[in-house]
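Trainee: Generate a structure from the sequence data that follows.
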Amino acid sequence: MPRIHPTALVAPGARLADDVEIGAYSIIGEHVEVGAGTTVGAHAVITGHTRIGARNRIFHFVSLGEAPQDKKYAGEPTRLEIGDDNVIREFCTFNTGTVQDRGVTTIGSDNWIMAYVHIAHDCVVGDRTIFANNASLAGHVEVGDWAILGGFTGVHQFCKIGAHVMTGVSTVVFKDIPPFVMASGHPAEPHGLNSEGLKRRGFSADALSALKRAYRTLYREGNTVAEAQAKLEADAAAHPEVRQLLDFLACAGRGIIR
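Mentor: Got it, this is the predicted structure:
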């Protein structure tokens, strides 16, 4: 049986795995599903059509699955889906999606999400990301695997942040950030390749060399994005990392930071 504090309120329709723990004064809504091994701290509110996977650690005062902050929202049964093994710290707010887009906000697995992070409607967050305190995503944002957002990073709606990106503190993102890039500033500007992060994740010396060449082609040689894409095609066949960069550039809807 789930361990539910006597002061917590759990709706009859909520589905909790047998070893879930719910802290004092928390509220779990009718359409919520919580997977095995997940713990929920005190004063949390989990509502809406929300599905949470296994072994998540959800701390105090979070709000998960509340209605999107979108004036077009009219009460449709949109969703929030959270994967496994995430840490979600105090006062985080994750909203459900909207029918104008995907209808679901998606958080992957093994993410480390610090206090006061906001993830708005229809966002897609990958796996193994880190969001430092007060990082915020507006609606419809995509964040790739292994990305790290520094404290107080703010991301404009519809932006895409590629895999292995790292942003500095108080970065303001108005355009897409390609994979593997470090960025900071207001507005965000590129500041080199995230070489140290890539080394820690086991990227080979050959892969790092190819990505450094790609970064120079994209940012240091005066090429337009289209010119850089054409020049990078030669390396893409031999280096999947360069192909990943090219695939991102091909679908960068808001343009990339320059």
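Trainee: can you tell me the helix or strand for Asp247?
Mentor: helix 240-250 (DSSP states H and E).
Trainee: Using PDB, write down the CA coordinates of that helix.
Mentor: C-alpha atoms of helix 240-250 as PDB (Å, rounded to 0.1, in the frame of the first residue of the first chain):
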ATOM      1  CA  PRO A 240      27.400  11.300 -36.800                       C
ATOM      2  CA  GLU A 241      27.900  14.200 -34.400                       C
ATOM      3  CA  VAL A 242      28.200  16.600 -37.400                       C
ATOM      4  CA  ARG A 243      25.200  15.000 -38.900                       C
ATOM      5  CA  GLN A 244      23.300  15.700 -35.700                       C
ATOM      6  CA  LEU A 245      24.300  19.300 -35.900                       C
ATOM      7  CA  LEU A 246      23.200  19.500 -39.500                       C
ATOM      8  CA  ASP A 247      19.900  17.900 -38.800                       C
ATOM      9  CA  PHE A 248      19.300  20.500 -36.100                       C
ATOM     10  CA  LEU A 249      20.200  23.400 -38.400                       C
ATOM     11  CA  ALA A 250      17.700  22.100 -41.000                       C
END
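Trainee: where exactly do the strands run in the stretch 101-250 of the chain?
Mentor: Ranges of strands within the stretch 101-250 of the chain are 104-107, 112-113, 118-119, 124-125, 130-131, 136-137, 142-143, 148-149, 154-155, 160-161, 166-167, 172-173, 181-184, 189-193, based on DSSP state E, counting those that start in this stretch.
Trainee: List the contacts of the helix holding Asp247.
Mentor: Helix 240-250 has contacts (CB atoms under 8 Å, 6 or more residues apart in numbering) with 160, 162-163, 176, 178-180, 203, 207, 210-211, 214, 218, 225, 228-229, 232-233, 235-237, 256. The C-beta positions use only the backbone N, C-alpha and C, and glycine is treated the same way.
Trainee: Any chance of a markdown table for the strands of the stretch 101-250 of the chain, columns mean pLDDT?
Mentor: Putting those into a markdown table (pLDDT from 0 to 100) gives the following:
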| stretch | mean pLDDT |
| --- | --- |
| strand 104-107 | 98 |
| strand 112-113 | 98 |
| strand 118-119 | 99 |
| strand 124-125 | 98 |
| strand 130-131 | 98 |
| strand 136-137 | 98 |
| strand 142-143 | 98 |
| strand 148-149 | 98 |
| strand 154-155 | 98 |
| strand 160-161 | 98 |
| strand 166-167 | 98 |
| strand 172-173 | 98 |
| strand 181-184 | 98 |
| strand 189-193 | 98 |
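Trainee: Rebuild those as CSV, extending it with mean neighbour count.
Mentor: What follows is the strands of the stretch 101-250 of the chain, written out as CSV (neighbours: other CB atoms under 10 Å):
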stretch, mean neighbour count
strand 104-107, 23
strand 112-113, 20
strand 118-119, 24
strand 124-125, 22
strand 130-131, 22
strand 136-137, 23
strand 142-143, 24
strand 148-149, 26
strand 154-155, 22
strand 160-161, 27
strand 166-167, 26
strand 172-173, 20
strand 181-184, 22
strand 189-193, 16
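Trainee: Would you format these as a markdown table with distance to Phe248 included?
Mentor: Formatted as a markdown table, the strands of the stretch 101-250 of the chain follow (distance: least, CB to CB, whole Å):
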| stretch | distance to Phe248 |
| --- | --- |
| strand 104-107 | 18 |
| strand 112-113 | 23 |
| strand 118-119 | 21 |
| strand 124-125 | 14 |
| strand 130-131 | 20 |
| strand 136-137 | 18 |
| strand 142-143 | 10 |
| strand 148-149 | 17 |
| strand 154-155 | 16 |
| strand 160-161 | 7 |
| strand 166-167 | 16 |
| strand 172-173 | 15 |
| strand 181-184 | 10 |
| strand 189-193 | 13 |
